[in-house]
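[1] Let me see the structure of the following:
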Amino acid sequence: MPDNTPQAPAYQLPDSRALSTAAHEAMNAYHAAAERLGRVMAVVTAAAVRDIMTGNDSADVPFDATHAELMEAADGSLHATGRYWTADGTETSFTATLGTYAGDEIFDMNEWVPYLNHDNERVWKPLVTKLPERDGRAVYRIDLAKAAGLPLD
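    Sure thing, here's the model as predicted:
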């Protein structure tokens, strides 16, 4: 027959109030960090487009890209496709405008863009216009001027 006599606890926990406070503080810090990451990566996305368009010479070199296309992956992260729009609304691609080397630049850009995801969509969703789905995936057009204007802090 099993012994059902109460035993001393195997471990100690903080009291419920301290545990609840710590959990809420940690969640608030997590959400604040996710939102900051979203703001920074939106600005980085705008900077990456500028760098692609100017050959990485950002010293006041004019360029004509106002929006870029981002596609959502299965995990909810965004990825640059290489399509963009000019100020007059023309839709084109970096490779069509700049040549095949731009493909490598888009690859480099996608080192950062996937940090835009479900965790920080409250930051980037106001910057985008939803486009028709492609291959069952959400597609967006991000306003680069709005993205560039976000505060880093």
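[2] So which residue is smack in the middle of this structure?
    Nearest residue to the geometric centre of the chain (Cα atoms, centre = their mean): L116, 1.3 Å.
[3] For this protein, which segments count as helices?
    All helices of the chain, identified by DSSP state H, fall at 16-54, 94-98, 101-109, 121-124, 144-148.
[4] My guess is the residue nearest to the centre of the chain contacts R39. True?
    No: L116 lies out of contact with R39 (Cβ atoms under 8 Å); the separation is 10.1 Å. In this view, the C-beta of every residue, glycine as well, is placed from N, C-alpha and C.
[5] Could you name every residue contacting both of those two?
    Residues touching both L116 and R39 by Cβ atoms under 8 Å, 6 or more residues apart in numbering: V123.
[6] Name all residues that make contact with the nearest residue to Y140 once chain neighbours are set aside.
    Leaving out its chain neighbours, the residue that sits closest to Y140 by Cβ to Cβ, 6 or more residues apart in numbering is V128, at 3.9 Å. By Cβ under 8 Å, 6+ apart, the residues touching V128 are L70, Y140, R141, I142, D143.
[7] what's around the third one, how many residues?
    Same thing as R141. Burial measure for R141: 19 neighbouring residues, criterion other Cβ atoms under 10 Å.
[8] Is it in contact with A80, as I believe?
    No: applying Cβ under 8 Å, one finds R141 not in contact with A80, separated by 11.5 Å.
[9] Between those two, which contacts overlap?
    A68, E69, L70.
[10] Which pLDDT does the model give A59?
    We have a pLDDT of 67 for A59.
[11] what are the bridge partners for the residue nearest to Y140, then?
    I142 (DSSP bridges).
[12] Could you report the separation of it from L78?
    V128 sits 9 Å away from L78, going by Cβ to Cβ, to the nearest Å.
[13] Now the common contact residues for those two.
    Joint contacts of V128 and L78 (Cβ under 8 Å, 6+ apart) are L70, Y140.
[14] how about low-confidence regions in the protein?
    1, 58-59 (pLDDT under 70).
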